[in-house]
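starting from these lines, generate the structure:
(one chain, ligands or ions: 1)
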Amino acid sequence: MATELAPGVHWVGAIDWNLREYHGYTLPGTTYNAYLVRGEKTALIDGAYHGFEGEVLGRIGSVCDPETIDYIVVNHIEMDHSGTLPALVKKLPDTPIYCTERARAGLARHYDITGWKIRVVKSGDTLDLGGKTLTFLEAPMLHWPDSMFTYLAEDAILFPNDAFGQHVASAARFDDELGHGAAMAHAQKFFANLIIPLAPKVLKKLDEVGGLGIDIRMIAPSHGIIWRSHAGDILKAYVDWSRGVAKDKVTIVYDTMHGSTTMMAKAIAEGVMAEGADVRVCLLRDGRYEGTHRSDIVTEILDSKAVLVGSPTLQDEVLPTVAGFLSYLRGLRPGRLTAKKIGCAFGSHGGMGGAVAQAEAALKAAGIEVIDGGFHVNYRPDADEIARAYELGRTVAREIRAR
Ligand SMILES: Cc1cc2nc3c(=O)[nH]c(=O)nc-3n(C[C@H](O)[C@H](O)[C@H](O)COP(=O)(O)O)c2cc1C
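Predicted coordinates:
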């Protein structure tokens, strides 16, 4: 069944209940949201992954005959949204497809688009459906070069594709059905894992949208729930997250072979708590255990003003789990958030060491302001070194308080 957003506007997407891993991100399933907008003419906005053609066509069929679709809008070419397009074009070979120039080029790299009736649009172009008007707004690099938003003026609904999305599979279609807290938590994880490197572009685009003076009553993204009751909250959250607004909280991420680095992590955490700041201690273990996956840890980091990374040295290197995490963090470039995070590295070694210096270099490459020269101990930390670790925790907590 389709779900009505407003008279003549329906969700006709697919629910992927079983997806648990997606480009390095753990998730409890997701949805691929497609929308049908019906004035005198009918437009389909976006689609789903290949394999969900039957589900999408079935939902469209509960509203109207799919053969009566007059226009297809492709806000973003990534295959989780365009995978159903070849089957749809086969069914509707003469139906024009509205997308950006970069989307046209990108579609040609994914599919054989011979004969597809592609109409390239630019920001400000409109499509009059008769009683419903779609306006297109290019959004390059939010999150791919081809991305665009579509705005439905009569119902004040923004279809921003991946922006404001969340990975969640649920019977709920709207934020007020899932619950405000859960919706925001899923959106925060999505932002932490996909949007952080785009933060400056998010702020610019939101300024641009604000400058248009348009009313946005509902935000209908391409994944997860539709922001019906809390559209203003998710817009504000995107501004806050992009600006790097975070709690007085320290995230300590580490792994260990024999427990020495754990002793250091725990002593640092005690020092943070002694100063009254919040702390999360995250043991990196291949993501097999609740909260230990890198995608959960970067969500904690988005919310933290400081990040500390610990690793013993293994064959002159950081542990592989820590290396993978640091690579992921570097790619997300938290340094692009307006307010910079602070951090440092720590760990135990038996010989020449090296892990702490490598972790520190990776933190700097991620745009984190390193506040300590790296804290390393030989084998087991003794009482003095545990006291130093505790003091390091207090120093970090005081530093974030001062910011
Ligand atoms: C297989 C293996 C390789 C190691 N390679 C190094 C090394 O290259 N350089 C070094 O300084 N220590 C090396 N060590 C020593 C550890 O870093 C040291 O035992 C450290 O205290 C372990 O910290 P942990 O208890 O947090 O795991 C190695 C240890 C093992 C087991």
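
got a list of what residue 175 touches?
Contact analysis of residue 175 by CB atoms under 8 Å, 6 or more residues apart in numbering lists 183, 225-230, 234. C-beta here means a position set from N, CA and C on the backbone, and glycine is covered the same way.

of those residues, which is the most crowded?
residue 225 (29 neighbours; other CB atoms under 10 Å).

measure that one to residue 24 for me?
Distance from residue 225 to residue 24, counting by CB to CB, to the nearest Å: 23 Å.

what is the nearest of the contacts of residue 175 to the ligand?
Closest to the ligand out of the contacts of residue 175 is residue 183 (38.8 Å), distances taken as CB to the nearest ligand atom.

ok, that closest one - contacts?
Contacts here follow CB under 8 Å, 6+ apart; on that basis residue 183 touches 166, 168, 175, 224-225, 227, 230, 234.

can you do 7 Å?
Contact partners of residue 183, counting by CB atoms under 7 Å, 6 or more residues apart in numbering, are 166, 175, 225, 230.

now for the lengthiest helix in the chain, which elements pack on it?
Under DSSP state H, the helix in the chain containing the largest number of residues is helix 383-402. Here helix 383-402 touches strand 247-254, helix 260-274, strand 304-310, strand 375-378, going by 3 or more CB pairs under 7 Å, 6 or more residues apart in numbering; DSSP states H and E.

just to revisit the earlier point, reformat the contacts of residue 175 as a markdown table; add distance to residue 15, pLDDT and secondary structure.
Converted to a markdown table, the contacts of residue 175 look like this (distance: CB to CB, whole Å; pLDDT from 0 to 100; DSSP: H, G, I helix; E, B strand; the rest coil):
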| residue | distance to residue 15 | pLDDT | secondary structure |
| --- | --- | --- | --- |
| 183 | 16 | 98 | helix |
| 225 | 12 | 98 | coil |
| 226 | 14 | 98 | strand |
| 227 | 18 | 98 | strand |
| 228 | 18 | 97 | coil |
| 229 | 21 | 97 | coil |
| 230 | 21 | 96 | coil |
| 234 | 21 | 97 | helix |
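
so the most centrally placed residue in the chain is in which element?
Geometric centre of the chain, nearest residue: residue 190, 2.7 Å, by CA atoms, centre = their mean. Here residue 190 sits within helix 180-190, counting by DSSP states H and E.

what about that helix, distance to the chain center?
10 Å (CA atoms, centre = their mean, to the nearest Å).

using the three-state scheme, assign residue 51.
Classification of residue 51 by DSSP: H, G, I helix; E, B strand; the rest coil places it in coil.

er, residue 328 actually
helix.

pretty sure it contacts residue 294?
Yes. Using CB atoms under 7 Å, residue 328 is in contact with residue 294, at 4.9 Å.

higher neighbour count, those two?
Neighbours of residue 328 and residue 294, each counted by other CB under 10 Å, are more numerous for residue 294; the result is 25 against 17.

hang on, the more buried one packs against residue 323?
No. Contact criterion CB under 7 Å: residue 294 and residue 323 do not qualify, at 11.2 Å.

all helices for the stretch 1-150 of the chain, in order.
Using DSSP state H, counting those that start in this stretch, the helices found in the stretch 1-150 of the chain span residues 53-61, 79-82, 85-91, 101-110.

mind listing residues that contact the third one?
In this case it means helix 85-91. 47, 53, 66, 72, 111, 116.

ok, the first one next?
Helix 53-61 is contacted by residues 1-2, 12-14, 34, 36, 47-48, 66, 84, 87 when judged by CB under 7 Å, 6+ apart.

mind giving me the PyMOL command for buried ones among those residues?
Listed next is the PyMOL selection for buried residues among the contacts of helix 53-61, using 16 or more other CB atoms under 10 Å:
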select buried, resi 2+12+13+14+34+36+47+48+66+84+87
